[in-house]
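K.L.:
how would this look folded up:
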Amino acid sequence: MNTLNLSHQPLRQLAAPLLLVNPHRPPLSASSSALEVLTDFSVLTPRTIAADVGVDEAHLMMRHGGIRLLLVIDDRGHCLGVLTAREVIGDRRITLAMQERDLSRDEVTVGMIMTPWHKLSAMPLEQLASLTIEDLLLSLEAMTDQHLLVTEHGHQGREWIRGLVSAADIRRAVGSNGGKLSGVPVAQSFADICRVVTGHDL
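P.N.:
All right, here's what the predicted structure looks like:
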């Protein structure tokens, strides 16, 4: 019978506090590939929530997770819409849902205030891959939303949501390198950022 000889290597104690390794991301500019600002769901698992969850529970989920967007899904995993922190923190949609349905705040659910799927904007992955960040912003110049869904055709021609692009992520990525977006906190939507990057309305 063969025996396996294992050599036990001793562990060691750290001599001093060490720095953490962080993922390396090259500096981005308006001429960088638009794929650089894609949150890719094949790499990062999207954060989801059911439509029947209460809005206050959704708010807590966002706060504890440090996120500003949740994808609303049904029990088969289909995307029914998106819920942003703006909709949860703001009172307009919640108040409207309460008035229209004669409900208390505790009874308002995510499905009542989300942006439904048929009102969302999307772009195919292959189109996004052909654009720079500035090209992307120019194509979204009239869009006042903060998020763009990115789709892809998978097996048997079925269309999937591959990921999303966030206006806030573009602002942070491009602005952090001392570009035109640095120190421009009012640039929130794609339209806002496009005006700053292209030099319009400055």
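K.L.:
so where do the helices sit in this protein?
P.N.:
With DSSP state H as the criterion, the chain has helices at 55-65, 85-89, 92-101, 110-113, 125-129, 133-139, 167-175, 190-197.
K.L.:
please save the CA atoms from stretch 93-100 in PDB.
P.N.:
The C-alpha coordinates for stretch 93-100 follow below in PDB (Å, rounded to 0.1, in the frame of the first residue of the first chain):
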ATOM      1  CA  ARG A  93     -43.500  57.500  -5.100                       C
ATOM      2  CA  ILE A  94     -44.200  56.100  -1.600                       C
ATOM      3  CA  THR A  95     -46.800  58.800  -0.900                       C
ATOM      4  CA  LEU A  96     -48.400  58.300  -4.300                       C
ATOM      5  CA  ALA A  97     -48.700  54.500  -3.700                       C
ATOM      6  CA  MET A  98     -50.300  55.200  -0.300                       C
ATOM      7  CA  GLN A  99     -52.800  57.600  -1.700                       C
ATOM      8  CA  GLU A 100     -53.800  55.500  -4.800                       C
END
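K.L.:
let's see the pLDDT reported for R158.
P.N.:
pLDDT for R158: 89.
K.L.:
any idea how far P46 is from it?
P.N.:
Per Cβ to Cβ, to the nearest Å, R158 is found 17 Å from P46. All C-beta atoms are positioned from the backbone trio N, CA, C, and that covers glycine.
K.L.:
try Q99
P.N.:
32 Å.
K.L.:
right, and A30 touches V174 too?
P.N.:
Yes. Using Cβ atoms under 8 Å, A30 is in contact with V174, at 6.2 Å.
K.L.:
more neighbours: which of these two?
P.N.:
V174 (27 against 19; other Cβ atoms under 10 Å).
K.L.:
how much space between that one and H24?
P.N.:
In terms of Cβ to Cβ, V174 sits 18 Å off from H24.
K.L.:
could you do W160 as well?
P.N.:
28 Å.
K.L.:
out of the two, which sits in the busier spot?
P.N.:
Neighbours were counted for W160 and for H24 using other Cβ under 10 Å; W160 has more, 15 against 5.
K.L.:
contacting residues around the more buried one?
P.N.:
The contact partners of W160, by Cβ atoms under 8 Å, 6 or more residues apart in numbering, come to T151, E152, H153, G154.
K.L.:
which residues does the last one contact?
P.N.:
If I follow you right, that is G154. Counting by Cβ under 8 Å, 6+ apart, G154 has contacts W160.
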